[in-house]
Structures are given as C-alpha cells and as structure tokens.
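>>> what follows is a predicted structure for the sequence shown.
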Amino acid sequence: MSNMALLLRTFARQGVCLSRQHYGVFYRHAAPMGTTAKEEMNKFWAKNNKLNRPMSPHLTIYNWSVPMMMSITFRGTGVGLSGAISAFALAALVLPGTYPHYLDLIHSLSVGPYLIGLAKFGLAFPVSFHTLNGIRHLWWDLGKGFRLPEVYRTGYTVIGLSIITSLAVAFLL
C-alpha cells in the first residue's frame with residue numbers, strides 16, 4: 001500500500017480535526033516536552049517489566065551457523081575491498097613517485113617468499129570470497145538454492161573454492 005493511501009486511511013479513521021491537539025494524528029505518539037530522555041527510558045523499562053517482556057537477546061546466545069558467518073564475512077569483505085580500493089586510488093593520486101618506485105621499495109625490504117605468499121593470500125582471499133559469494137547471491141536472485149541443505153552446500157563450496165583460488169593466486173602466480 002502506498003504512503004498516500006496510508007495517510008488517507010489514517011485521516012479517514014481519525015478525522016481531519018487538527019484544531020485540538022489531543023485529536024491530532026501526529027500528536028498521539030509524541031513525547032511530552034517536559035520529559036527527559038532518562039524519564040522516557042524509565043517509563044519504557046517499567047512498561048516492559050510490567051508486561052513481562054524479555055530483554056532483546058545478545059549475540060552470545062545464538063548458535064553460529066555457516067550462513068550467518070558467510071553473510072557477515074560477505075559484508076565485511078565488501079566494506080574492506082571498497083575501502084582498500086579507495087585508499088589505493090587516493091594514495092596513487094597524492095603520493096609522490098610512480099608505481100614502479102613503490103614496487104622497488106617493496107622489493108628492497110627483502111622479505112621472505114613465505115611472507116610475500118601470505119600477503120598475496122591475504123589480498124586474494126577477500127576478492128575471491130566476495131566474488132564467489134556474489135555469484136551465489138546472484139543464483140539466489142534467480143530464486144534457486146533456498147532450501148537449507150543447498151544453502152549449506154553452496155556455502156561450503158564457496159569457502160572451499162575461495163581457499164583453493166586464493167592459494168593458487170598466492171603461490172602459483
């Protein structure tokens with residue numbers, strides 16, 4: 001239902017009399033001006049205690065699952081990759097020197113091949129994971145793979161392929 005239809009329905013039920021404040025449509029849910037935030041919070045908790053409402057659960061009570069962790073990691077890699085690309089672009093614009101200069105600087109550090117491989121893996125894994133999980137999401141956009149066994153199977157597939165792809169990029173290229 002559109003916002004306009006909801007507004008018209010509200011006015012039809014409430015009446016359009018806005019001359020007195022207690023009949024106003026928008027006045028019902030407003031807090032009185034004389035209260036503080038602390039008083040409003042005390043009213044909120046008193047009402048919840050009176051109605052025996054439970055507190056919202058904390059993250060520690062949830063059973064962590066593969067789909068939950070993949071969702072968090074997918075969002076994290078998206079934010080991380082966009083931040084890294086933005087930082088690299090900004091550095092390319094403002095730092096003096098050219099790309100070969102900084103590449104020579106990294107080569108002059110004389111770090112071992114395992115540390116370089118680990119760094120390459122650290123760069124390749126977020127890219128491969130985000131790409132493969134993005135393909136998984138595109139598959140879901142088609143309406144496929146929503147049954148729970150398929151969600152887990154495609155999740156483990158994405159994790160495995162991401163590790164294999166990242167290892168191949170890090171140690172074979």
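In hand now; what should we look at? Numbers count the residues shown, from 1 in each chain.

>>> any idea how far stretch 164-173 is from the chain center?
Taking C-alpha atoms, centre = their mean, to the nearest Å, one finds stretch 164-173 lying 27 Å from the centre of the chain it belongs to.

>>> and the helices in this protein?
Using DSSP state H, the helices assigned to the chain run over residues 3-14, 37-50, 66-94, 99-107, 113-141, 148-172.

>>> what comes up buried for the fifth one?
The neighbour-count criterion (16 or more other C-beta atoms under 10 Å) identifies 120-121, 124-133, 136 as the buried residues of helix 113-141. For the C-beta atoms, the positions are set from N, CA and C on the backbone; glycine is no exception.

>>> what's the angle from it to helix 148-172?
Computed by axes from the mean of the first three to the mean of the last three C-alpha atoms, to 10 degrees, the angle separating helix 113-141 from helix 148-172 equals 150 degrees.

>>> just want the angle from helix 113-141 to helix 66-94.
Orientation note: helix 113-141 sits at an angle of 120 degrees relative to helix 66-94 (the same axes, to 10 degrees).

>>> helix 113-141 packs against which elements?
Where contact means 3 or more C-beta pairs under 8 Å, 6 or more residues apart in numbering; DSSP states H and E, helix 113-141 is packed against helix 66-94, helix 148-172.

>>> same check on the shortest one?
Packed against helix 99-107, as judged by 3+ C-beta pairs under 8 Å, 6+ apart, are no other helices or strands.

>>> roughly how far apart are Ser110 and Ile116?
According to C-beta to C-beta, to the nearest Å, Ser110 and Ile116 sit 11 Å apart.

>>> typo on my end, it should be Ser128
Computed with C-beta to C-beta, the distance linking Ser128 and Ile116 is 18 Å.

>>> Leu148 too?
For Leu148, the distance to Ile116 equals 41 Å [C-beta to C-beta].

>>> hang on, the earlier thing: closest one to Ser56 among the helices of the chain?
Judged by C-beta to C-beta, the one of those that comes nearest to Ser56 is helix 37-50, at 10.3 Å.
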